[in-house]
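Student: Model the structure of this input:
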Amino acid sequence: MEDNAVLQMRNIHKSFPGVKALSGVDFTLRKGEIHALMGENGAGKSTLIKVLTGVYTKDEGHIYLDGHEKEVQIRSPQEAQKLGISPVYQEITLCPNLSVAENMYIGRTPGAMQNWRKMNKDADKLLKSLDIPAKATQQLSTCSLAVQQMIAIARAVDTDCKVLILDEPTSSLDEQEVEKLFKLMRDLRARGVGIIFVTHFLDQVYEVCDRITVMRDGCLVGEYEIKDLPRVQLVSKMLGKELDDLSDIHGEYKSYEKKEGELPVFEVEGLYSNAGIKPFDFHIDKGEVNGFTGLLGSGRSECVRAIFGADHVLGGKVKKNGKPVKISKPIDAMRQGIGYLPEDRKRDGIVGDLSVRDNIILAQQVLRGFLKPYSKAEADKIADEYIKLLNIKTASADTPIKSLSGGNQQKVILARWLLTHPEYLILDEPTRGIDVGTKVDIQKLVLKLASEGMSVTFISSEMDEMLRTCSRLIVMRDRKVVGELTGSDLNQTSIMSTIAGGDK
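Tutor: I've put the predicted structure just below:
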């Protein structure tokens with residue numbers, strides 16, 4: 001056992017039906033350190049945290065606390081809390097209608113017998129000791145998000161917390177609020193609390209953390225001192241791509257020939273939304289396939305959602321063929337010739353109980369207006385045409401879309417937008433969670449559409465896929481555009497170096 005360890009997890013395994021979520025993962029947290037737990041979506045971070053906090057029961061492995069030889073069993077969140085393990089999640093789980101003090105002591109007081117004066121006095125004392133700008137008696141809803149996060153942390157600290165887990169605590173905070181939170185984290189580190197910091201923001205990791213553990217595909221990649229792991233190496237380890245893999249994997253396809261003096265189909269200047277992205281500039285030419293790339297949480301999806309008007313746009317200008325246009329909601333974008341396949345097809349894409357046919361005609365029906373409905377014969381003809389065109393595997397056009405495989409659901413949403421004949425098509429993770437054959441079909445379709453003059457923005461977590469389909473990449477980090485790559489710079493090394501902040 002490591003002497004200074006407050007937590008040691010050894011050989012942790014966890015499976016779900018058909019999925020091995022954790023495979024022999026080790027994790028060590030020392031007293032008085034801030035330790036980043038890093039990995040892309042599906043790496044196993046959340047599962048490891050849920051095993052530690054008693055939400056899941058591990059299949060195999062051992063957990064030790066405070067350097068003791070005897071392992072502990074954690075069967076519920078209540079047991080975890082009694083052992084001094086306290087999580088604070090991105091979504092704040094406090095009661096906004098109660099006072100700050102009530103939130104700090106709820107569930108730990110004898111209800112009606114509570115001495116309110118003493119509770120408020122104790123709360124104010126704790127808030128002051130942690131330099132949290134709040135009063136015990138004020139209603140929680142009057143506090144900023146950052147202060148609410150700090151109050152959740154104060155509650156954890158007051159339960160004799162030894163292991164504090166902060167899961168994406170900064171995702172909704174501005175820069176000043178992040179600094180206040182970091183100050184509190186450093187204060188707690190000085191008091192000997194071990195902090196597990198889960199985040200997608202690279203800059204924040206290097207600003208506040210002492211060590212990093214990297215996970216990928218449910219396995220431990222490694223544990224590193226912050227000084228020994230340059231950013232570009234961290235990105236490489238998270239993505240599982242070696243820096244010397246420079247093979248050119250661009251597909252062969254006939255490029256659209258841009259005419260002299262032809263203006264960009266769409267361009268934006270200083271666009272930003274309520275989703276937290278920094279103002280960005282962007283353009284796309286006729287027949288071009290470009291893409292937004294970056295780690296999960298970097299702002300890729302938020303950029304295209306702003307372009308489509310899916311998030312509330314706070315500022316910026318949009319032009320189509322050089323002329324100003326106003327896009328404040330999705331129907332505006334659709335009328336300007338933009339189609340958008342969203343990242344989460346189940347939540348934002350398919351209408352599960354409707355048929356394949358009704359899902360295909362949905363966007364075009366919105367554009368026509370519901371006072372001009374398609375006849376059954378018209379709808380059947382359209383559906384049959386696109387089912388054949390995209391090789392959608394379905395028993396019939398009447399089949400509910402929720403009965404189809406993920407890949408075929410994705411093809412139906414593609415058919416929906418192709419039916420509107422868009423000038424500009426945005427595809428956000430169009431191949432996520434679908435089989436290899438369907439992935440290739442969608443990539444080929446994108447290149448074919450571009451060769452015919454359609455403009456396409458393509459977003460994928462798979463770097464190889466981006467390099468195969470895109471001729472220009474806009475690189476994102478921490479919700480801002482940090483670079484643009486074309487030509488010979490379209491390779492893994494350049495992408496990872498740009499994501500990492502220029503480290504070579």
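Student: could you say what helices and strands the one helix or strand in the chain whose mean pLDDT sits lowest packs with?
Tutor: Among the helices and strands of the chain, helix 436-451 carries the lowest confidence by mean pLDDT, DSSP states H and E, at a mean of 80. Contacts defined by 3 or more Cβ pairs under 8 Å, 6 or more residues apart in numbering; DSSP states H and E place helix 436-451 against strand 289-293, helix 406-418, strand 424-428, strand 455-459, helix 463-469. Using the backbone N, CA and C atoms, a C-beta is placed for each residue, glycine as well.
Student: CA-only coordinates of it, as PDB, when you get a sec.
Tutor: Output in PDB follows, covering the C-alpha atoms of helix 436-451 (Å, rounded to 0.1, in the frame of the first residue of the first chain):
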ATOM      1  CA  VAL A 436     -18.600  -0.200 -40.500                       C
ATOM      2  CA  GLY A 437     -20.400  -0.900 -43.700                       C
ATOM      3  CA  THR A 438     -23.000   1.900 -43.100                       C
ATOM      4  CA  LYS A 439     -20.200   4.300 -42.100                       C
ATOM      5  CA  VAL A 440     -18.500   3.800 -45.400                       C
ATOM      6  CA  ASP A 441     -21.800   4.300 -47.200                       C
ATOM      7  CA  ILE A 442     -22.400   7.600 -45.500                       C
ATOM      8  CA  GLN A 443     -18.800   8.800 -46.100                       C
ATOM      9  CA  LYS A 444     -19.100   8.000 -49.800                       C
ATOM     10  CA  LEU A 445     -22.500   9.800 -50.000                       C
ATOM     11  CA  VAL A 446     -21.000  12.900 -48.400                       C
ATOM     12  CA  LEU A 447     -18.200  13.000 -51.000                       C
ATOM     13  CA  LYS A 448     -20.700  12.300 -53.800                       C
ATOM     14  CA  LEU A 449     -22.900  15.200 -52.700                       C
ATOM     15  CA  ALA A 450     -20.000  17.500 -52.500                       C
ATOM     16  CA  SER A 451     -18.800  16.600 -56.000                       C
END
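Student: what's it in contact with?
Tutor: 251, 253-256, 287-289, 390-391, 407-408, 410-411, 414, 418, 425, 427, 430-431, 434, 456, 458, 465, 468-469 (Cβ atoms under 8 Å, 6 or more residues apart in numbering).
Student: run the last query once more with 6 Å
Tutor: 253-254, 256, 287, 289, 407, 430-431, 456, 469 (Cβ atoms under 6 Å, 6 or more residues apart in numbering).
Student: who touches residue 213 in this structure?
Tutor: Counted by Cβ under 6 Å, 6+ apart, residue 213 has contacts 27, 37, 223.
Student: Which of the residues you listed has the largest number of neighbours?
Tutor: When neighbours are taken as other Cβ atoms under 10 Å, the top entry among the contacts of residue 213 is residue 37 (25 neighbours).
Student: Distance from the chain centre to the host helix or strand of it, please.
Tutor: Per DSSP states H and E: residue 37 is located in strand 34-38. On the basis of Cα atoms, centre = their mean, to the nearest Å, strand 34-38 is displaced by 17 Å from the centre of the chain it belongs to.
Student: again, but for stretch 46-62
Tutor: With Cα atoms, centre = their mean, you get 22 Å for stretch 46-62.
Student: do stretch 265-284 as well
Tutor: On Cα atoms, centre = their mean, the centre of stretch 265-284 falls 19 Å from the chain's centre.
Student: Not counting it itself, show me its contacts.
Tutor: Contacts for stretch 265-284 (Cβ under 6 Å, 6+ apart): 264, 286, 290, 299, 302-303, 306, 311-320, 423-424, 455, 479-481.
Student: how about a cut-off of 7 Å?
Tutor: Applying Cβ atoms under 7 Å, 6 or more residues apart in numbering, the contact partners of stretch 265-284 are 264, 285-286, 290, 299, 302-303, 305-307, 311-321, 423-424, 455, 457, 474, 479-481.
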